[in-house]
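> for reference, the sequence and a predicted model appear below.
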Amino acid sequence: MSTVRNNTSLDRILKQAQKLQGQLGRLESDMKAKVVEASAGDGKVTAVVNGNRELIALNIDPSVLKSDNPELLENLVISAVNTALNNVREMVNHEMNKATGGFSIPGLM
């Protein structure tokens, strides 16, 4: 009788794992469609990143390009991109926690 109980428990665990796998697959495709935008330098540089942590757009105000200070442009780009990536990381973590019920799975997303 304990063998039957063990099989039932194993079946339940496998079904939960399959359900979670399906949720994570949907989450991954949902994240690719979501975008996060971040700006630096009072909007002079704006970075747009999708949920897969891909930079999909970078907008630079022409006034910054005319500047004689290339370091300023470099710093604004770095700041905008890093802020967007950080915001995406937070969004993905939040969505992952919702999908897994707070259960942490190392290496996912």
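Alright, I've got the coordinates. Computed from a prediction, not measured in an experiment: that's the story for all the values here. Numbers count the residues shown, from 1 in each chain.

> now do the buried residues in the strand or helix carrying Met31.
Per DSSP states H and E: Met31 is located in helix 2-33. The neighbour-count check on helix 2-33 (16 or more other Cβ atoms under 10 Å) flags 27-28, 31 as buried. Yep, even glycine has a C-beta here, placed from its N, CA and C like the rest.

> where does the chain dip in pLDDT?
Where the chain drops to pLDDT under 70, the residues are 1-6, 102-109.

> quick revisit: ok, so of the buried residues of helix 2-33, who is nearest Asn50?
Asn50 has its nearest neighbour among those in Met31, at 7.4 Å by Cβ to Cβ.

> check contacts around the spatially closest residue to that closest one that is not a sequence neighbour.
Leaving out its chain neighbours, the residue that sits closest to Met31 by Cβ to Cβ, 6 or more residues apart in numbering is Gly51, at 2.8 Å. The contact partners of Gly51, taken as Cβ atoms under 8 Å, 6 or more residues apart in numbering, are 30-36, 88, 91-92.
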